[in-house]
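Q: coordinates only, sequence not included:
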């Protein structure tokens, strides 16, 4: 029977936080009792003395005085030895053997709970399925999983396979959705049973702590929903309740038992489908009469559930991979189109269709400044501008999406028919510049297994399960197709690609302008070089003319003092001319190599003194780059020192001269040394005064040292002003 909706157009309202809290607060992991089809012992790990038990120990084992007894006396020494060995390594639940109790055969398993050792006995089948047969069957089932063409087909195969191995009346593949509600995606059932296929179940049907236990315990069985719990004996008095999270016999919440009874289920079992540590879904098994799932079947189901989880992951990843490849190809095509279509914002306007199809949208809009270009299904120009302004005002990530706009935006309800789904990419918030994709509303009729809307709950009231599971239809509005992770990744990549295209366009334009500027600069440089060549030629000619005039005057002068004065002037002029010649020949006009300059200057100056001086000159010059203006001043200083050595140190006769140039951090040190008469304190002619002036221009320091014999002049000055 299909019930009428609560309203003419109901919107899904998930359970309120108060309602979920009521379900989540139930301490289902510490029930203090077990299901009575088995037996449970709580033993101390030291000696395995039994302190507590649950179930009909006296009737089924025939041991009335079990409290304080050794575990071996209850389950046999062989089983007790395996329990002790397992308890020592602290592993999870493990099968430790079988025991015979009268006509009954019991499977035994053990695990640790805090400091205690828990041993559980449960009915076994008379004949276990042989290992090779079970392995072959699991192999065939795994092959069937692999061959399923899609995730939907895989779930159908899984439902049929699990029903075959368990023998239950109904087996459902139940998948958890984003809001923790669930949907039956596949079903295999006995003929005559009504179907739950595609029915939804609200999140409150499986509380949070129950979902956590489903991850921890992959298999869970309730052989008889109508059982009466068997409590721990004696009653637990410890400071902390005994945690039975890992117990297969753990008593089930009475709310869940009533829930199953309301569904008409007499026995149930579940196998968790855990994908990468997260509960993807459940294999839910229901039977209309009590039914046991023995240990060997549970082990097979656990192995099969792990294989199913791996195949689900593989098929989901394969589908995601195919989607990513399609999006990559579409992205490359769009970027190629936009890269060759001139201005980017104009290119976007010309290729709206390609951009819309890339993300499988119903419409798309491109806004830049006051310009709006829009295509496909959209809310209209004014509504789009208002939505764009709201999107730009959102802080944080420039890529934002929703499949339920009206839940995030107050005006979204008015846009639901054309823009329930929105994906926004902001390229530039300053201009502003953005792209918005739209997905229209998809009105959906959801089938619920009963009315999911619980009445408001009183936190102090007792928990009760819902009683009806009859099909209940609900019209869901305001939702669009969800934007997938690959689509969001593609939107991010497209944004970066568009920014790169824009940047490349700007770089190309800048390069074009720079090329034009460089061409103009080259022309100016050619003109400048021509002018410099002309100026240099004229300057060199003028300096040569003056030097020749001074030389000629020196030869014709009758006074020796006049000849010496004219010769000194010619040498000083030669130092200036040499700097000018080096400056013109060098590739850099700002700096020159002081070592090469000083070497040429010394050689020319010494050559003018006579050939006998050349063999007495020693040069030790390290490469030092100084500015050209300082080089000219330095050249005058060197020239004056050489003139003074010729005149005063050796009285005109040739003698040894050593010139050294080194770099010391940001300074240079020039040393000129002779082996002559030394310095006379009384002598201070024009040359000495000229040297002092030049050292001042260099902002340097000059020291004279005794060379024993002779004089050493040391100049330290910065390499740049």
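A: Happy to help now that I have it. Since the structure is predicted, the reported quantities are computational estimates derived from the model, not experimental observations.

Q: Endpoints of stretch 552-570, how far apart?
A: 10 Å (CA to CA, to the nearest Å).

Q: Can you tell me which residue is spatially central in this structure?
A: Most central in the chain under CA atoms, centre = their mean is residue 489, positioned 12.5 Å from the mean C-alpha point.

Q: Quick check, pLDDT for it.
A: Looking at residue 489, its pLDDT stands at 89.

Q: any idea which helix or strand carries the residue nearest to it when sequence neighbours are not counted?
A: Nearest non-adjacent residue to residue 489, counting by CB to CB, 6 or more residues apart in numbering: residue 324, 7.3 Å away. No exception for glycine: its C-beta is placed from N, CA and C like everyone else's. Using DSSP states H and E, residue 324 maps to helix 295-339.

Q: Neighbours of the residue nearest to residue 489, how many?
A: 16 (other CB atoms under 10 Å).

Q: what's the spacing between it and residue 284?
A: With distances taken as CB to CB, to the nearest Å, residue 324 is found 33 Å from residue 284.

Q: what about the residue nearest to residue 236 when sequence neighbours are not counted, which SS state?
A: Spatially, and ignoring its direct neighbours in sequence, residue 236 is nearest to residue 242 (5.4 Å; CB to CB, 6+ apart). With DSSP: H, G, I helix; E, B strand; the rest coil as the basis, residue 242 sits in coil.

Q: okay, now residue 242: neighbour count?
A: For residue 242, using other CB under 10 Å, the count is 19.

Q: wait, it sits on residue 30?
A: Yes: when contacts are counted by CB atoms under 8 Å, residue 242 is listed as touching residue 30 (6.5 Å).

Q: Now the element after the worst-scoring helix or strand of the chain on mean pLDDT, going C-ward?
A: Sorting the helices and strands of the chain by mean pLDDT, DSSP states H and E puts helix 17-24 at the bottom, at a mean of 44. Remark: after helix 17-24, the chain's next helix or strand is strand 33-34, criterion DSSP H and E.

Q: in its sheet, what does the next helix or strand after that following strand sit against?
A: Downstream of strand 33-34, the first helix or strand assigned by DSSP H and E is strand 39-43. Each strand paired with strand 39-43, and its direction, by DSSP bridges: strand 50-54 (antiparallel), strand 116-123 (antiparallel).

Q: any idea which helix or strand comes after the shortest one?
A: Read it as strand 50-54. helix 57-61.

Q: now for the helix or strand following that following helix, which elements pack on it?
A: Beyond helix 57-61 on the C-terminal side, the first helix or strand identified by DSSP H and E is helix 71-75. Applying 3 or more CB pairs under 8 Å, 6 or more residues apart in numbering; DSSP states H and E, we find helix 71-75 packed against strand 39-43, helix 77-89, strand 116-123.

Q: contact partners of helix 71-75?
A: Residues outside helix 71-75 that contact it (CB atoms under 8 Å, 6 or more residues apart in numbering): 41, 43, 48-50, 57, 61, 63, 66, 79-81, 83, 99, 108, 119, 121.

Q: Over to stretch 388-401?
A: With CB under 8 Å, 6+ apart, stretch 388-401 has contacts from 365, 367, 409, 411, 421-427, 429, 432, 434, 436, 483, 488, 491-492, 495.

Q: Now for residue 715: which residues touch it?
A: 637, 669, 670, 671, 695, 698, 700, 701, 702.

Q: for the stretch 401-550 of the chain, what spans make up the helices?
A: All helices of the stretch 401-550 of the chain, identified by DSSP state H, counting those that start in this stretch, fall at 405-408, 416-419, 485-556.

Q: hey, least reliable of those by pLDDT?
A: With a mean of 73, helix 485-556 has the lowest mean pLDDT of the helices of the stretch 401-550 of the chain.
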